[in-house]
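[1] I would like to see how this sequence folds:
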Amino acid sequence: MTGCCDAGGSGVGPAPFRGMVATVLGPVEAGTLGIVDAHSHVWVESVPGALASGPILVDREPILAELRAYREAGGGAILDCQPRGCGRNGNVLAGLSRASGVALVACTGFHRRRYYAADDPAWGLDGSAAADSFIAELRGGLLETRGGPYPARAGFVKAACEGTLRETPRALLEGAAWAARQTGAALAVHTERGESAEEIVQFLASEGVGVEQIILCHMDKRPDFGLQRELAQAGMLLEYDTFYRPKYDPEANLWPLIERMAAAGLDGAVALATDMADPALWAFGGGPGPASLPGSIRARLQAMGLSPTPIERMLGYNITARLAGMAAPLSQQETER
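    Here you go, the predicted model:
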């Protein structure tokens, strides 16, 4: 692992997100969002030609009811991690946000191949064209919303890595990195159970993406504390979300990992989420629903004896700081403890 996290790139482009989070209803001051689900899926339409096993979330009224319950429980915002071409609908997200009072932050970028049609135009883009497409959604609005009076801007870039970097579409990954570098936007990277995290960091650094922009998703699926500590100390934000996924044994892995990270003073490098892509995880599908983040998850963090500051960081501040271009190096965070 020595040298794996020497991600020295600081980015070269302007950071229009400084202090503000781009939601589907417009920019919002980062400090006003409160509790934020750092990785979830609010609306996913079916994709003709994609694998039939992909998630579909289109029950508007039940979803709206649960977003309102999330708001009532203390939730302020949710990151929707469904990019263009695999079921995203920015117009619906804007309507749900307006009706529920929950700030929804949409993404540009790309997901795993399995969620797209085989002939999706994204697979024919080179790195430069991909970057241009992503930047257009960050600056001008999501493609499907540009025909309306108020285009909804993407608030971050998502890149989905397959099991290895070699399997990941290189042009799209380059495009995501270049878009983040040129705009200052945060870059959330789907990892397959945390695999290839070291290589991902090295690649992004080589493309000039700053460590303060990087969010490594699903890292609790690889609960190696030594690795987590090294990535955190190098400046990455690590997103954890397996609270309701029994196959990853959260009692033996996720909760102890949170406790160890907090005890080591690394709570400034953790963002918590629910990743509710599966309808069965929503209350209308028999699951805990998004309101569990400000509800039972926050309650358990309090029962662990954590003080308010690390809880606030993991449940909102850390992710909004990345989105708003205000993430500080961990050493600086430590001086503020």
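
[2] which residue is the nearest non-sequential neighbour of Arg170?
    Leaving aside its sequence neighbours, Arg170 sits nearest to Gly127 (C-beta to C-beta, 6 or more residues apart in numbering; 7.6 Å). The way it works is simple: take the backbone N, C-alpha and C, and place the C-beta from them, glycine included.

[3] just checking, the one you found touches Gly175?
    Yes: between Gly127 and Gly175 there is a contact under C-beta atoms under 8 Å: 4.9 Å.

[4] more neighbours: those two, which one.
    Between Gly127 and Gly175, counted using other C-beta atoms under 10 Å, Gly175 has the larger neighbour count: 28 against 19.

[5] can you confirm the more buried one is in a helix?
    Yes: using DSSP: H, G, I helix; E, B strand; the rest coil, the assignment for Gly175 is a helix.

[6] the stretch 151-300 of the chain: strands as residue ranges?
    156-160, 187-190, 214-217, 237-240, 270-272 (DSSP state E, counting those that start in this stretch).

[7] okay, the ones you listed in a markdown table with mean neighbour count and distance to Thr145 next?
    Converted to a markdown table, these look like this (neighbours: other C-beta atoms under 10 Å; distance: least, C-beta to C-beta, whole Å):
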| stretch | mean neighbour count | distance to Thr145 |
| --- | --- | --- |
| strand 156-160 | 27 | 16 |
| strand 187-190 | 26 | 20 |
| strand 214-217 | 26 | 24 |
| strand 237-240 | 26 | 26 |
| strand 270-272 | 27 | 26 |
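
[8] dump these into a markdown table; add distance to Pro246 and mean pLDDT as well.
    Shown next, in a markdown table, are these (distance: least, C-beta to C-beta, whole Å; pLDDT from 0 to 100):
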| stretch | distance to Pro246 | mean pLDDT |
| --- | --- | --- |
| strand 156-160 | 24 | 98 |
| strand 187-190 | 21 | 98 |
| strand 214-217 | 20 | 98 |
| strand 237-240 | 16 | 98 |
| strand 270-272 | 18 | 98 |
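
[9] want to try JSON lines for these, with distance to Pro62 as columns?
    Below are these laid out as JSON lines (distance: least, C-beta to C-beta, whole Å):
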{"stretch": "strand 156-160", "distance to Pro62": "25"}
{"stretch": "strand 187-190", "distance to Pro62": "26"}
{"stretch": "strand 214-217", "distance to Pro62": "26"}
{"stretch": "strand 237-240", "distance to Pro62": "26"}
{"stretch": "strand 270-272", "distance to Pro62": "24"}
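
[10] for Thr23, find the nearest of those strands.
    Of all the strands of the stretch 151-300 of the chain, strand 156-160 sits nearest to Thr23, with 11.0 Å by C-beta to C-beta.

[11] need the contact partners of that closest one.
    With contacts defined as C-beta atoms under 8 Å, 6 or more residues apart in numbering, strand 156-160 is touched by 79, 81, 83, 105, 107-112, 134, 138, 168, 172-173, 176-177, 179-180, 185-190, 215, 322-323.

[12] can you give me the buried ones in stretch 302-311?
    Neighbour counts over stretch 302-311 (16 or more other C-beta atoms under 10 Å) mark 306, 310-311 as buried.

[13] oh, I was asking about stretch 120-127
    Those would be 120, 122, 125, 127, for stretch 120-127 by 16+ other C-beta under 10 Å.

[14] contact partners for the third one?
    Same thing as Leu125. Residues near Leu125 by C-beta under 8 Å, 6+ apart: 133, 171-172, 175.

[15] which one (most neighbours) among the residues you listed?
    Most neighbours among these, by other C-beta under 10 Å: Gly175, with 28 neighbours.

[16] that one against Ile135, yeah?
    No: the pair Gly175 / Ile135 is not scored as a contact, 9.1 Å apart, by C-beta under 8 Å.

[17] Cys107 versus the closest residue to Leu173 other than its chain neighbours, what's the distance?
    With sequence-adjacent residues excluded and distances taken as C-beta to C-beta, 6+ apart, Leu173 is closest to Ala159, at 5.6 Å. According to C-beta to C-beta, to the nearest Å, Ala159 and Cys107 sit 10 Å apart.

[18] need the residues touching each of the two.
    Counting by C-beta under 8 Å, 6+ apart, the common neighbours of Ala159 and Cys107 are Ala188.
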